[in-house]
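Trainee: Build me a model from this:
(chains A and B)
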Amino acid sequence: MAYGEKVLDHYENPRNVGVLDKDAKNVGTGMVGAPACGDVMRLQIQVDDNGVIEEAKFKTYGCGSAIASSSLLTEWVKGKTLDEAAQIKNVDIAEELALPPVKIHCSVLAEDAIKAAIEDIKNKA
Amino acid sequence: MTTPTYMDYSATTPVDKRVAEIMMKYLTMDGDFGNPASNSHYYGWQADEAVKKARKQVADLIGADPREIVWTSGATESDNLAIKGVAHFYKKKGNHIITLKTEHKAVLDTCRQLEREGFEVSYLDPMSNGLLDLSVLEAAIREDTILVSIMHVNNEIGVIQDIEAIGKLCRQHKVFFHVDGAQSAGKVPIDLSTLPVDLMSFCAHKIYGPKGIGVLYVRRKPRIRIEAQIHGGGHERGMRSGTLATHQIVGMGEAFALAQAEMDEENKRIKNLQERLLAGFIDMEEVQVNGDLEQRIPGNLNISFNYVEGESLMMAINDIAVSSGSACTSASLEPSYVLRALGLSDELAHSSIRFSIGRYTTEADIDKAITLVREKVEKLRDLSPLWDMFKEGVDLSKVEWAAH
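Mentor: Below is the predicted model:
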């Protein structure tokens, strides 16, 4: 199967790889997926005093499309409020990356990851 | 554009140029294009001679009599013909078939079909090294067992089953024995004049012959009967009808003849390459070879790079063409059933890469693969949350995952 250009770009030059302090009050962590399914995503977001996401980091175990989905997601959430970030839908990610049908689950996972990260930060407040 | 280095010889091999040249002589007007069954004229006789020669070439490599060779379209058809052929012919004698969980789908799915027809099938677990424990087989044999089907060399992990010992056990219990030899011919010596095997499947395209041609070996003494699965003109003594594909057949014959002449030296050369490849990985953290390393063909190395997903690794090392036990592209998201049958965790199965090397692999290819894989595994581990967790000492098997 050939990969789309945008998937390849994110895969070869992943944006915002890294780790934030998961115990910090203004950091939310979303870890979704399972090794058994072949992909695990960890997305972390950090909000400023106005509730705007100022930093996002990820690490992903998974196929190229899973890595690209999470990389793209970190770009998209920066500068958004939590409510705005919660509006990101998997279809937007799938469309942007031109994911084939067998890879749609990668974008679903990314949507799950941002939702989980937002929930984590809300639970800390 | 430079093409990637081919390291997927277990999937298929390129046709040897010497084979392709001979095949071309059996297609056009100025060649021997006739139907081997046309026994009334020159064109038919020429083609028939070519088929006879190829039949002998194939038989010679495997220690068989040319009359024991039945041409088919490939190993999948041979497996179907052998297993269904025995089951249908001997169904009054018994209803039970035994096979292994790590068999090729051509065997497993054929057995599934027979289950739908009312047969009972036992799917045995291999040991963790991929080999069959003889006592497990013996315990599974029943009064009504008619057939045991075990592959010689596994396509994913390259392990070599002891078909002589398995065959002896089958003989003791008066059970027929079929062997899928698609991955073994030309790589492991096979002498069917002494091996207690009744039926054995082969194909050409795994040993530098063309795709679309195979053989079923059908033993004459003691005789085994099979019911034909394809009916028509009664070719191949009624066991497999259909006009013989002369050019494919001479290609298979030549490929088998070359294998017979060159196997010993080729195996030595490839074994050196396999050792070089393994040496390039073995000092890395969290790598493991899947399948027994001793009872294994030299051309195969199946390795799991833990905490790195196989498909993304393949994508990263796209300058070499390999395959993976990960099945991220399949609808089921299930990793390799072969590796799972060895008892590997899902994540180790997802993290596996099969390198299969062969006739045209060079030392430079091996060195390139080592450099590339080491670099990319490190990069992907830096990206992997599982690697972080492993480094923090988290036991991944105890984590409750939010599966999707």
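
Trainee: Which residue ranges of chain A form strands?
Mentor: Secondary structure of chain A by DSSP state E: the strands cover A:27-34, A:39-47, A:53-61.

Trainee: The first one - contacts with which helices or strands?
Mentor: Pointing back at strand A:27-34 there. Packed against strand A:27-34 by the contact rule (3 or more Cβ pairs under 8 Å, 6 or more residues apart in numbering or on different chains; DSSP states H and E) you find strand A:39-47, helix A:104-124. Glycine gets a C-beta too; all of them are placed from N, C-alpha and C.

Trainee: between the ones you listed, which one is nearest to chain B?
Mentor: Closest approach to chain B among these (Cβ to the nearest Cβ): strand A:39-47, 4.0 Å.

Trainee: got a markdown table for the helices and strands packed on strand A:27-34, with mean pLDDT, distance to residue B:194 and mean neighbour count too?
Mentor: Compiled in a markdown table, these are given as follows (pLDDT from 0 to 100; distance: least, Cβ to Cβ, whole Å; neighbours: other Cβ atoms under 10 Å in any protein chain shown):
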| stretch | mean pLDDT | distance to residue B:194 | mean neighbour count |
| --- | --- | --- | --- |
| strand A:39-47 | 95 | 50 | 26 |
| helix A:104-124 | 93 | 52 | 21 |
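
Trainee: close to chain B, is stretch A:107-114?
Mentor: Yes - counting by Cβ under 8 Å from any Cβ of the partner chain, chain B is contacted by stretch A:107-114 at A:108-109, A:112.

Trainee: Residue A:21: which of those is nearest?
Mentor: Using Cβ to Cβ, residue A:112 is the member of the residues of stretch A:107-114 next to chain B that sits closest to residue A:21, with 22.3 Å.

Trainee: what about residue B:243, neighbour count?
Mentor: 12 (other Cβ atoms under 10 Å in any protein chain shown).

Trainee: if I pick it, what's in contact with it?
Mentor: Residue B:243 makes contact with B:35-37, B:233, B:235, according to Cβ atoms under 8 Å, 6 or more residues apart in numbering or on different chains.

Trainee: Give me the ChimeraX select line for those residues, limited to the buried ones.
Mentor: Filtering these down to the buried ones (16 or more other Cβ atoms under 10 Å in any protein chain shown) takes a single ChimeraX command:
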select /B:36,235
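
Trainee: Which two among the contacts of residue B:243 are spaced furthest apart?
Mentor: Using Cβ to Cβ, the pair of the contacts of residue B:243 lying farthest apart is B:36 and B:233, separated by 11.4 Å.

Trainee: which stretches of the stretch 301-404 of chain B form strands?
Mentor: Taking DSSP state E, counting those that start in this stretch, the strands of the stretch 301-404 of chain B run over residues B:320-321, B:323-324, B:352-356.

Trainee: and what of the stretch 151-300 of chain B?
Mentor: Secondary structure of the stretch 151-300 of chain B (DSSP E, counting those that start in this stretch): strands located at B:176-180, B:199-203, B:214-218, B:287-289, B:300-305.

Trainee: Can you say which of the ones you listed is nearest to chain A?
Mentor: With Cβ to the nearest Cβ as the criterion, chain A lies closest to strand B:300-305 of the strands of the stretch 151-300 of chain B, at 11.5 Å.

Trainee: Does chain A have contacts with the closest one?
Mentor: No - taking Cβ under 8 Å from any Cβ as the criterion, strand B:300-305 and chain A are apart, separated by no less than 11.5 Å.

Trainee: Buried residues in that strand, which are they?
Mentor: Those buried within strand B:300-305 under the rule 16+ other Cβ under 10 Å are B:300-305.

Trainee: for the spatially most central residue of chain B, what are its contacts?
Mentor: Ranked by distance to the mean C-alpha position of chain B (Cα atoms, centre = their mean), the top residue is residue B:183 at 3.4 Å. Neighbour list for residue B:183: B:10, B:151-155, B:158, B:206, B:297 [criterion: Cβ under 8 Å, 6+ apart].

Trainee: where are the low-confidence patches of chain B?
Mentor: B:1, B:327-333, B:403-404 (pLDDT under 70).

Trainee: any idea where the helices of it begin and end?
Mentor: All helices of chain B, identified by DSSP state H, fall at B:17-23, B:42-62, B:75-89, B:105-116, B:134-140, B:163-172, B:246-281, B:310-316, B:337-341, B:346-350, B:363-383, B:385-391.

Trainee: would TSV of those helices with distance to residue B:193 and mean neighbour count be doable?
Mentor: Shown next, in TSV, are those (distance: least, Cβ to Cβ, whole Å; neighbours: other Cβ atoms under 10 Å in any protein chain shown):
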stretch	distance to residue B:193	mean neighbour count
helix B:17-23	26	16
helix B:42-62	9	19
helix B:75-89	19	24
helix B:105-116	24	17
helix B:134-140	23	14
helix B:163-172	12	18
helix B:246-281	14	20
helix B:310-316	42	24
helix B:337-341	31	21
helix B:346-350	39	25
helix B:363-383	37	18
helix B:385-391	52	19
